[in-house]
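Visitor: I would like to see how this sequence folds:
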Amino acid sequence: MPSVTPDDDAPLLADLMPWSVSPPRLGRGWPTAPDAASLKARWDALLKAEGPDREVLFEPTRSRTLHSAVGQLPGRHGGTEKLARATGPCAEPVRVLRAPFDEQWLIPDHRLIDSARPELWRVADEQQVFVSEAATSPPTSGGPLLLASSLLPLIRPGRIRPLYRRPDGTEPNLAPGLLDHLTDRLGHRPDPADLLAWALIAVRPGLTVPLTADPELWSRGVELGRRMLWLMRRSGQRPKLPGGRRPYVRSPLPSRPVTVHYDRDEETLQVDDGRISPVPPEAWDFEVGGVRVLEGWFAARMPGPAEPGTLEAIRPVTWPQPWTSELLELITVLALLAELRPQQAELTVKTPITATELRTAGVFPVPDGARRPASVLDHQEEGPEGQFTLI
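Guide: Numbering: from 1, shown residues only. All right, here's what the predicted structure looks like:
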């Protein structure tokens, strides 16, 4: 992150990107899984059960029971009858960011989620970028304070800040007048993704984002931040390490791995008798919020203590091949992100745009309306029992 003095009056991320939403709260673990097939099998098992057995499998909370009346999630399709008498097929699972850098699957059924945050689903599309607050205190290993993803994040407890307030990449979630002021100070107009790229690379503990009026420094920071954004989103062309450094499966991973060990001297990831190398130490040590990303990723896929007879106990009996491909890509992404840290540390903001300057220019304080979701309903949304929602 850029070098700055503690009293530099840097603006808060919460003012630069004013609309934020708490992450969805599932209330139960079984509607998410690292593979989609398990989710469909869990749904089938739920519907095969009747009466009290279905209720036990569902794991009711105060927010959701088999008799809760809720509508569809925006942009999704599926039944809206009460789960006590549901008979329809499983809603097609969608990819979500279940944990930092851990893409999993979710059944997008409003009846299964305690607090789904429909306002996020309404603006989720291919143009959207969701920014998650990963940590507010100084990371012990240089891990990121912010994460960016095209997928809906389920990461708690930090807030989610969509880049756009409406679908199709319209109405950026930025303080009104901010881009105009940056245009005056930089001599060219940055776009919303430029501001996001700068924020990713410049954000500091406490979630302040020092801005600069130096066009050359801004360009360097944005270029660095755009690479970080590309690696985090993993959209388009797959990232690759240079030849000789790319991780490969040297010995096949077992069908039911139970242990993971990293050999730092050999730069080898050992999964029981399986071996993947080279795995750079920077990838293995990569942390978010004090947790090693790779260890968390494996913990979500290794045989765990799921109670027999629960829906969460329905999981693959053998290690699916796609997980190995995902693992190799994740190692690559973490290694490439770690390589950006020295360049990130070299950025020094010497011509800051301060919060006081933004207040003088009328950009701050941010109007209350910019902190609330936009009205984006352009089609009817089905409510409980097939009725339609009016917003």
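
Visitor: Nearest residue to the middle of the chain?
Guide: Centroid-nearest residue in the chain, with CA atoms, centre = their mean: P153, separated by 3.6 Å.

Visitor: Show me what it bridges to in the sheet.
Guide: Assessed by DSSP bridges, P153 has beta-bridge partners L97.

Visitor: Does it touch S132 like I think?
Guide: Yes. P153 is within contact range of S132, at 4.5 Å (criterion: CB atoms under 8 Å). No exception for glycine: its C-beta is placed from N, CA and C like everyone else's.

Visitor: So for those two, which residues contact both of them?
Guide: Residues within reach of P153 and of S132 at once, by CB atoms under 8 Å, 6 or more residues apart in numbering, are P23, L97, L147, I160.

Visitor: Excluding sequence neighbours, find me the nearest residue to the first one.
Guide: In space, P23 comes closest to R156 once its chain neighbours are excluded; the distance is 4.9 Å by CB to CB, 6 or more residues apart in numbering.

Visitor: what kind of secondary structure is that neighbour in?
Guide: coil (DSSP: H, G, I helix; E, B strand; the rest coil).

Visitor: Counting neighbours, what do you get for it?
Guide: Residues near R156, counting by other CB atoms under 10 Å, number 14.

Visitor: Next one: it from L97, what distance?
Guide: 12 Å (CB to CB, to the nearest Å).

Visitor: Now P162. Its backbone dihedrals?
Guide: Phi and psi for P162, reported as degrees, to the nearest 10, are phi -70, psi 150.

Visitor: what do you get for V94?
Guide: Main-chain dihedrals, V94, degrees, to the nearest 10: phi -120, psi 150.

Visitor: List the contacts of the nearest residue to it once chain neighbours are set aside.
Guide: In space, and not counting its chain neighbours, V94 is closest to P108: 5.1 Å by CB to CB, 6+ apart. For P108, the contact set (CB under 8 Å, 6+ apart) comprises L73, R76, G78, A91, E92, P93, V94, W121.

Visitor: So which of the residues you listed sits lowest on pLDDT?
Guide: For the contacts of P108, the weakest pLDDT value sits at G78, with 79.

Visitor: ok, L241 - contacts?
Guide: P247, T332, A335, L336.

Visitor: The second one - how many residues pack around it?
Guide: What it means is T332. Neighbours of T332 (other CB under 10 Å): 22.

Visitor: And for the third one?
Guide: The tally of other residues near A335 (other CB under 10 Å) stands at 23.

Visitor: quick one: it and A197, what's the gap?
Guide: Counting by CB to CB - A335 and A197 are separated by 20 Å.

Visitor: Then the second one?
Guide: With distances taken as CB to CB, T332 is found 20 Å from A197.

Visitor: buried set for the helix or strand hosting R54?
Guide: According to DSSP states H and E, R54 maps onto helix 52-58. Within helix 52-58, the residues that count as buried by 16 or more other CB atoms under 10 Å are R54, E55, L57, F58.

Visitor: Give me the contact list for it.
Guide: Residues from elsewhere that reach helix 52-58 (CB under 8 Å, 6+ apart): R28, A45, L46, L47, A49, T65, L66, L83, A84, T310, L311.

Visitor: Pull out the buried residues from these.
Guide: For those, buried by 16+ other CB under 10 Å: R28, A45, L46, L47, L66, L83, T310, L311.

Visitor: Wait, a strand at the fifth one?
Guide: What it means is L66. No. Using three-state DSSP, the assignment for L66 is coil, not a strand.

Visitor: Help me confirm that it comes into contact with L112.
Guide: No. Using CB under 8 Å, L66 makes no contact with L112, being 10.8 Å away.

Visitor: For this structure, identify the residue most remote from the centre.
Guide: Farthest-from-centroid check, the chain (CA atoms, centre = their mean): G51, 36.4 Å.

Visitor: and L195, helix, strand or coil?
Guide: helix.

Visitor: got a list of what it touches?
Guide: Contacts of L195 by CB under 8 Å, 6+ apart are L16, P172, L174, L178, L179, L182.

Visitor: just curious, which of these is nearest to L358?
Guide: L178 (7.4 Å; CB to CB).

Visitor: Can you name the residues that contact the residue lying closest to P252 once chain neighbours are set aside?
Guide: Closest residue to P252 in three dimensions, ignoring its sequence neighbours and counting by CB to CB, 6+ apart: G274, at 5.8 Å. G274 is in contact with V249, S251, P252, L253, P254, P257, counting by CB under 8 Å, 6+ apart.

Visitor: Which one of these is nearest to W323?
Guide: Nearest to W323 among these is L253, at 8.5 Å by CB to CB.

Visitor: ok, that closest one to P303 distance?
Guide: L253 is 14 Å from P303, by CB to CB.

Visitor: Pick out whichever of those two has more residues nearby.
Guide: Neighbours were counted for L253 and for P303 using other CB under 10 Å; L253 has more, 19 against 10.

Visitor: So the more buried one, which state does it fall into?
Guide: Classification of L253 using three-state DSSP returns coil.

Visitor: Name the nearest residue to it, sequence neighbours excluded.
Guide: Leaving aside its sequence neighbours, L253 sits nearest to G274 (CB to CB, 6+ apart; 3.6 Å).

Visitor: Over to I155?
Guide: I155 sits nearest to S132 (CB to CB, 6+ apart), 4.9 Å away.

Visitor: Spell out which helix or strand contains D44, please.
Guide: Assigned by DSSP H and E, D44 falls within helix 36-48.
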